[in-house]
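Asks: Any chance you could fold what I've pasted below:
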Amino acid sequence: MIRPCEKIDFQTVVSIINEAAAAYRGVIPDDCWKTPYMSSGELKHEIDAGVIFWAWDEGGQLLGVMGIQDVQDVTLIRHAYVRTEKQNQGLGGKLLSGLRKKTDRPLLIGTWADALWAICFYEKHGFRKVSQEEKNRLLKKYWTVPERQVETSVVLADPKWFALC
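Replies: Numbering: from 1, shown residues only. A predicted model of the protein is given here:
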């Protein structure tokens, strides 16, 4: 079931993110990779910035996490990860579907351009990539990321966002 993450889940969230993010090693530019992929301090900073994490919980075990963050007039899907052994079983889709119901705002997702599996996942769930020019504008307007990450990322948007354009 989907439930909000609580303070007691903090270290488990860090663990899930870093375990699943290992898939990016060797895929994203080397100068964008670090170990751990997300430190406890970085996760705290994201939560303090308004990212609300939700979890897929089975019998008291967190198997996946995904965050949402309202920024200006949109909602961002942030930090979507499923434990490696539970991937490709529909948990990510269930999390995404559940979070989509929590907002009426247009949804945007940023991910690495070379993470083709992530892009395919979001496209399978009705998101579409925006143009290169629009991607650059959106990443600078709604996210706080380094220029190198802007260069090597894509943004996907839901149908609500495209209907407003």
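Asks: residue ranges of the helices in the chain, please?
Replies: 10-21, 40-48, 91-100, 116-124, 132-142, 147-151, 159-164 (DSSP state H).
Asks: Nearest to Val27, out of the ones you listed?
Replies: helix 116-124 (8.5 Å; CB to CB). For the C-beta atoms, the positions are set from N, CA and C on the backbone; glycine is no exception.
Asks: Show the pLDDT at the nearest residue to Ala113 once chain neighbours are set aside.
Replies: The spatial neighbour of Ala113 that comes closest, neighbours along the chain excluded (CB to CB, 6 or more residues apart in numbering), is Val154 at 4.9 Å. pLDDT, Val154: 98.
Asks: cool, Cys165 as well?
Replies: The model's pLDDT for Cys165 equals 76.
Asks: Now do it against Leu107, distance only.
Replies: 14 Å (CB to CB, to the nearest Å).
Asks: Looking at the two, which one has more neighbours?
Replies: Per other CB atoms under 10 Å, whichever of Cys165 and Leu107 has more neighbours is Leu107, with 22 against 8.
Asks: Surely that one and Ala80 touch.
Replies: No - counting by CB atoms under 8 Å, Leu107 does not reach Ala80; the two are 11.8 Å apart.
Asks: okay, now Ile77: neighbour count?
Replies: For Ile77, the count of nearby residues is 24 (other CB under 10 Å).
Asks: Check the one 3 residues further on too.
Replies: Burial measure for Ala80: 22 neighbouring residues, criterion other CB under 10 Å.
Asks: Next one: it from Arg137, what distance?
Replies: From Ala80 to Arg137 the distance is 23 Å (CB to CB).
Asks: How about Ala157?
Replies: With CB to CB as the criterion, Ala157 and Arg137 are 12 Å apart.
Asks: quick one on the thing from earlier: what's the closest of the helices of the chain to Val65?
Replies: helix 10-21 (5.2 Å).
Asks: Let me see the mean pLDDT of that closest one.
Replies: Rounded mean pLDDT across helix 10-21 is 98.
Asks: What lies in contact with stretch 26-33?
Replies: Tyr24, Arg25, Trp112, Asp114, Ala115, Arg148, Gln149, Thr152 (CB atoms under 8 Å, 6 or more residues apart in numbering).
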